[in-house]
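Visitor: One predicted model, sequence on top.
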Amino acid sequence: MKPVLKGTSFVLVHVPHIMTEAGTTFSVEREENNDSEFLQNAPNHIRTFEECLRYAPNQAFIGNIDPESLDSLPKPWYEHLIEGERFGKFGEIMPEDEFYALMQIADVFDLVLLEDGFVETIKGKLSNHPLINANDVAKLKGKPHMEIEKQVNENGAIPLKVDGILVGCVRKAHDKDETLAAHVMLENLATKASAILALKHLLHNAQIDPGQIEYIIECSEEACGDMNQRGGGNFAKAIGEIVGTLNATGSDVRGFCAGPAHAILHASSLVASGVFKNVVVIAGGATAKLGMNGKEHVKKGLPLLEDTLGGFGVLISADDGVSPVIRLDSVGAHTVGTGASPQQVMSALTVNPLEKLGLTLSDVDKYAPELQNPEVTEPAGAGDVPKSNYKMIAALAVKRGEIKKDDMDTFISEHGMPGFAPTQGHIPSGVPIMGSAREKIMAGALNRVMVIGKGSLFLSRMTNQFDGVSFLIESNNGTVEQQTGKAADEQKLRTLLADALRDVAQHLRSSEE
């Protein structure tokens with residue numbers, strides 16, 4: 001059975017306070033020098049929600065403008081704001097006050113405390129949200145302001161503020177366990193809540209009932225657990241519980257920035273094997289990476305552009321004869337023996353899988369490697385990351401004699417696209433193209449797109465290896481595969497065996513009773 005891309009969602013959450021409170025650049029700076037020039041100047045560079053909303057790359061991320069149209073807009077984009085809508089085809093940009101409430105909705109251990117007056121105000125706002133229902137709003141509970149102040153001042157809770165005013169906090173979940181400390185719980189709950197938002201939009205966009213989802217794979221960069229099993233999980237089921245995917249099980253997949261691409265391959269394989277028909281890949285944002293390049297942005301007079309948590313959802317389903325197909329017969333993989341040079345990495349992820357199908361690099365309409373917004377990375381000295389990747393792919397095409405050197409710029413223009421995703425590690429790594437790619441493939445504007453996920457495994461200090469996987473998304477030929485012959489007989493045999501085992505188990509239980 002061919003796995004198909006049935007639906008997508010992409011969301012952003014504007015969190016300027018969480019950025020200054022939990023972003024690693026800010027928290028490390030406070031520990032070293034709480035009166036530093038950077039910390040003193042940073043508040044003057046914080047964007048309003050309206051400015052965040054009108055920022056062109058953000059509108060591209062949620063589907064209100066075509067990412068490719070960014071090249072035709074005047075730059076810098078942060079100085080040339082456009083008309084912006086909160087809701088888009090793929091998702092939304094949520095303001096921070098509503099997100100605090102969503103974090104409490106996501107919290108099942110009474111760790112997120114919100115002030116009484118704030119709760120009454122935010123209930124009214126959330127009641128107008130198209131995807132947050134009455135049961136969600138009913139979970140919101142207020143606490144006296146004095147209790148919240150005490151948690152922050154005496155018990156090390158992380159404050160939650162709106163316009164500098166304390167409206168809540170996140171408590172620690174254990175007195176001794178550092179993996180359940182307040183700042184870790186803030187990280188985990190922010191990841192969970194932003195993924196919940198993405199999953200709600202995904203179910204709405206795909207017009208699928210939550211009960212039809214059978215498996216959830218969560219692939220963000222956080223890792224929940226306790227001191228005895230750090231990173232043990234499970235974000236996936238925790239997210240499904242809140243959204244109401246009652247028939248789904250799930251697990252977490254981690255792979256640094258390449259995690260989403262790995263997760264989509266896992267999901268596609270589960271569908272192709274017939275184990276599950278509807279598998280969701282979901283991810284929330286990473287608070288640690290908020291304001292990551294903030295020092296350089298402040299120094300150079302830019303707004304603090306890394307003020308949004310990203311989130312996405314992808315629904316992989318059994319072939320419907322219409323939705324774009326995810327091909328599993330030509331997966332690119334950076335293996336243990338590949339090598340770490342840029343040429344070796346990109347060749348393994350692009351040339352090798354295409355050769356299996358007898359295709360050239362030019363046969364792919366669009367490539368989606370790391371799609372970081374260059375306005376974030378260039379001031380920090382990292383350059384235009386997407387363009388660097390496209391240059392390497394074009395250079396491989398020249399080396400293979402597929403194009404002439406003079407045609408490299410044309411190749412990049414035709415097969416690349418501007419970066420538009422927030423620098424949240426796993427969020428920009430290929431996946432953001434999947435919303436517009438699905439639309440364009442189904443409309444006949446594109447035929448073949450390659451998603452490339454890459455990761456830096458050396459960050460864990462376990463290996464110096466690089467990592468990466470890639471896969472092709474193609475137009476559907478309209479023919480739904482049917483199992484025939486030996487495969488069909490084997491499926492029937494497995495079904496009969498499963499039924500027999502179930503009958504035996506029921507008989508044994510009856511005998512014991």
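Guide: Looks like it arrived, so ask away.
Visitor: For the helix or strand residue 452 falls within, list every residue counted as buried.
Guide: For residue 452, the enclosing helix or strand under DSSP states H and E is strand 448-456. For strand 448-456, the neighbour count (16 or more other CB atoms under 10 Å) marks 448, 449, 450, 451, 452, 453, 454, 455 as buried. The way it works is simple: take the backbone N, C-alpha and C, and place the C-beta from them, glycine included.
Visitor: Run through the residues that contact residue 262.
Guide: Going by CB atoms under 8 Å, 6 or more residues apart in numbering, residue 262 touches 219, 253, 255, 453, 469.
Visitor: SS state for residue 379?
Guide: helix (DSSP: H, G, I helix; E, B strand; the rest coil).
Visitor: That one: neighbouring residues, count only.
Guide: 18 (other CB atoms under 10 Å).
Visitor: now do the one 5 residues further on
Guide: In terms of burial, residue 384 registers 17 neighbours under the definition other CB under 10 Å.
Visitor: got it, and residue 202?
Guide: Counted with other CB under 10 Å, residue 202 comes out at 28.
Visitor: next SSE after the strand holding residue 452?
Guide: Next element after strand 448-456 (DSSP H and E): strand 466-474.
Visitor: Report all helices and strands that that next one contacts.
Guide: Counting contacts by 3 or more CB pairs under 8 Å, 6 or more residues apart in numbering; DSSP states H and E, strand 466-474 packs against helix 259-272, strand 325-333, helix 352-356, helix 434-443, strand 448-456.
Visitor: now the last one: mean pLDDT?
Guide: Summarised as a single mean, pLDDT over strand 448-456 is 95.
Visitor: for that strand, packing partners?
Guide: Looks like strand 448-456 contacts helix 259-272, strand 366-368, helix 434-443, strand 466-474 (3+ CB pairs under 8 Å, 6+ apart).
Visitor: which stretch among the ones you listed comes nearest residue 86?
Guide: With respect to residue 86, and counting by CB to CB, the nearest of the helices and strands packed on strand 448-456 is helix 434-443 at 16.9 Å.
Visitor: Give the residue spans of the stretch 251-400 of the chain that score low on pLDDT.
Guide: For the stretch 251-400 of the chain, applying pLDDT under 70 flags no range at all.
Visitor: For residue 412, see how far away the nearest residue to residue 460 once chain neighbours are set aside is.
Guide: Leaving aside its sequence neighbours, residue 460 sits nearest to residue 256 (CB to CB, 6 or more residues apart in numbering; 8.0 Å). Distance, residue 256 to residue 412, by CB to CB, to the nearest Å: 26 Å.
Visitor: Same question for residue 173.
Guide: 48 Å.
Visitor: ranges for the helices of the stretch 251-400 of the chain?
Guide: For the stretch 251-400 of the chain, the helices defined by DSSP state H, counting those that start in this stretch cover 259-272, 294-299, 342-346, 352-356, 374-377, 385-399.
Visitor: Mind putting these into a markdown table with distance to residue 366?
Guide: As requested, the helices of the stretch 251-400 of the chain are exported to a markdown table (distance: least, CB to CB, whole Å):
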| stretch | distance to residue 366 |
| --- | --- |
| helix 259-272 | 16 |
| helix 294-299 | 29 |
| helix 342-346 | 16 |
| helix 352-356 | 14 |
| helix 374-377 | 18 |
| helix 385-399 | 10 |
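Visitor: what's the closest of those to residue 462?
Guide: helix 259-272 (15.4 Å).
Visitor: Which of the contacts of residue 262 sits closest to residue 285?
Guide: The closest of the contacts of residue 262, once distances to residue 285 are taken by CB to CB, is residue 219, at 12.3 Å.
Visitor: Would you mind confirming that residue 212 is in contact with residue 279?
Guide: No: using CB atoms under 8 Å, residue 212 is not in contact with residue 279, being 10.9 Å away.
Visitor: Looking at these two, which is more packed in?
Guide: Each of residue 212 and residue 279 has its neighbours counted (other CB under 10 Å); residue 279 has more, 28 against 15.
Visitor: This completes my enquiry, with thanks.
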